[in-house]
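J.: attaching a predicted model along with its sequence, questions to come.
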Amino acid sequence: MEENVLEIENLSKSYGKVKAVSGLSLTISKGQVFGLLGPNGSGKTTTLGIVLGATLPQSGDFRWFGKSLSSKSLKRIGAILEHPNFYPYLSATDNLRIIAQIRNVQESDTDRVLRMTGLFDRRKHHFQTYSFGMKQRLAIASAMLGNPEVLILDEPTNGLDPGGIAEIRDLITHIASEGATIVLASHLLDEVQKVCSHVAVLQRGEKLFSGNVEEVLSNTETLLIASDDLIKLEQAIINYPDYLSHTINNGIIELKTNGVCHPDQVNQYLSNQDIFCSHLSLRRKTLESYFLELTGSKSASSSK
Ligand SMILES: Nc1ncnc2c1ncn2[C@@H]1O[C@H](COP(=O)(O)OP(=O)(O)OP(=O)(O)O)[C@@H](O)[C@H]1O
Ligand SMILES: [Mg+2]
């Protein structure tokens, strides 16, 4: 059975007239890489602040590992919210040692997290000499101290160049492969699509939808098909057992099926009727275009 790590029920938080979080419910299960996706100001950081006990909600409830938040459950969670603070004149190792002491984690764990984040060779250098990307990795390293079961990352790739983004992405995937549950807030659709197994899309504090990223994407697949005899092809397509709908553009039929698209099955089906494709390809919308379609919002793709 799936074990629930975090359950959020009907959570709301307003700042004056601004509804930062509005009736939000979601469930995060063990082993998921869960993306909280939404444009700037959609309530991601507020939500994470609430479930970490840093912000009080007006209403609603949440449970970690089936229980209300306690110092015991907090020990099972590692988090970075927005800007982590480190001492500029101390090395990475010394910064992590201080955090390890505060958290009651064995100091020897600092080497493990430094290795995992690729900072081991630079561990003795002062924090202030680190590049932006290295600082970001050190923040993730600090959250990983004590090997928490859950890692909460708020915009971990903010401000990084494409190489740095790819490094952090690989790191998150690696941490997830070791069994941790990861909650990742991001306004970058591409990031969520590449890293997350599950997603909840927020807009103005409300959840638009949530689900398995693969399932969300498979709903957005279409098959592009062309053949010499377009009329015969269209007739056959309409009779395809999983047919849902189709359009024709420039002599190419765009087919939507019920459930997952299977190009091989469509190909077989057509060739059985002596229809041979001059073109057959699967088109999958990105989460971004799907998201924009859903929200009708252009601001969703804007970066900080
Ligand atoms: N301490 C606060 N005081 C007043 N308003 C706040 C406060 N914190 C958040 N808000 C407001 O709540 C809304 C949600 O903010 P939040 O920081 O949760 O969004 P976000 O999704 O994390 O955005 P971003 O992508 O920019 O980080 C915004 O309109 C913000 O201005
Ligand atoms: Mg935020």
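T.: Now that the structure is in, tell me what you want to look at. Ligands and ions are numbered 1, 2, ... in the order given.
J.: ok, now how distant is residue 93 from residue 162?
T.: Distance of residue 93 to residue 162, given as CB to CB, to the nearest Å: 29 Å. All C-beta spots, glycine's among them, are computed from the backbone N, C-alpha and C.
J.: those two: who's more crowded?
T.: Neighbour totals were compared for residue 93 and residue 162, and residue 93 leads with 17 against 8 (other CB atoms under 10 Å).
J.: how about stretch 189-201 and ligand 1, any contact?
T.: No - against ligand 1, stretch 189-201 shows no contacts by CB under 6 Å from any ligand atom, the least distance being 11.4 Å.
J.: quick check: buried residues in that stretch?
T.: 189, 191-196, 198-201 (16 or more other CB atoms under 10 Å).
J.: what about the residue of the chain most remote from its centre, which SS state?
T.: What lies farthest from the middle of the chain is residue 274; by CA atoms, centre = their mean that is 44.2 Å. When classified by DSSP: H, G, I helix; E, B strand; the rest coil, residue 274 comes out as coil.
J.: quick check, pLDDT for it.
T.: The confidence metric pLDDT takes the value 95 at residue 274.
J.: now swap in residue 297 and tell me
T.: Note on residue 297: pLDDT of 55.
J.: for ligand 1, what are the nearby residues on the stretch 151-300 of the chain?
T.: Neighbours of ligand 1 within the stretch 151-300 of the chain, by CB under 6 Å from any ligand atom: residue 187.
J.: now the helices for the stretch 151-300 of the chain?
T.: In the stretch 151-300 of the chain, the helices defined using DSSP state H, counting those that start in this stretch lie at 162-177, 189-195, 213-218, 230-238, 263-271, 287-295.
J.: of those, flag the one that's most buried.
T.: Of all those, helix 189-195 carries the top mean neighbour count, a mean of 20, counting by mean count of other CB atoms under 10 Å.
J.: would you map the strands across the stretch 1-150 of the chain?
T.: Secondary structure of the stretch 1-150 of the chain (DSSP state E, counting those that start in this stretch): strands located at 4-15, 18-29, 33-37, 59-64, 77-80, 150-154.
J.: for the first one, packing partners?
T.: Pointing back at strand 4-15 there. strand 18-29, helix 44-51, strand 59-64 (3 or more CB pairs under 8 Å, 6 or more residues apart in numbering; DSSP states H and E).
J.: which residues does the longest one contact?
T.: Looking back up the chat, that one is strand 18-29. Contacts to strand 18-29, defined as CB atoms under 8 Å, 6 or more residues apart in numbering, come from residues 2-14, 34, 43, 46-47, 50, 57, 60, 181, 183, 198, 200, 202, 204-207, 210.
J.: contacting residues for residue 153?
T.: Under the criterion of CB under 8 Å, 6+ apart, the contact list for residue 153 reads 79-80, 140, 143, 172, 182-185.
J.: what's the lowest-pLDDT member of those?
T.: residue 80 (87).
J.: any idea how far that residue is from ligand 2?
T.: Distance of residue 80 to ligand 2, given as CB to the ion, to the nearest Å: 12 Å.
J.: if that residue is in a bridge, with which residues?
T.: Residue 80 forms beta bridges with residue 153, as assigned by DSSP bridges.
J.: so how many other residues sit close to it?
T.: Residue crowding around residue 80 was assessed by other CB under 10 Å; the count is 21.
J.: does it touch residue 156 like I think?
T.: Yes - Residue 80 is in contact with residue 156 according to CB atoms under 8 Å; the separation is 7.1 Å.
J.: so what sits against both of those two?
T.: Residues touching both residue 80 and residue 156 (CB under 8 Å, 6+ apart) are 139-140.
J.: any regions of the protein where pLDDT drops low?
T.: 1-2, 82-83, 218, 286-288, 293-304 (pLDDT under 70).
J.: domain-wise, how is this protein divided?
T.: For the chain, automatic domain parsing gives the domain ranges 4-216, 221-284.
J.: highest average neighbour count across those domains?
T.: domain 4-216 (a mean of 18).
J.: distance between that one and the chain's centre?
T.: Domain 4-216 has its C-alpha centroid displaced from the chain centroid by 11 Å (CA atoms, centre = their mean, to the nearest Å).
J.: for residue 92, which non-adjacent residue is spatially closest?
T.: Leaving aside its chain neighbours, residue 92 sits nearest to residue 123 (4.8 Å; criterion: CB to CB, 6 or more residues apart in numbering).
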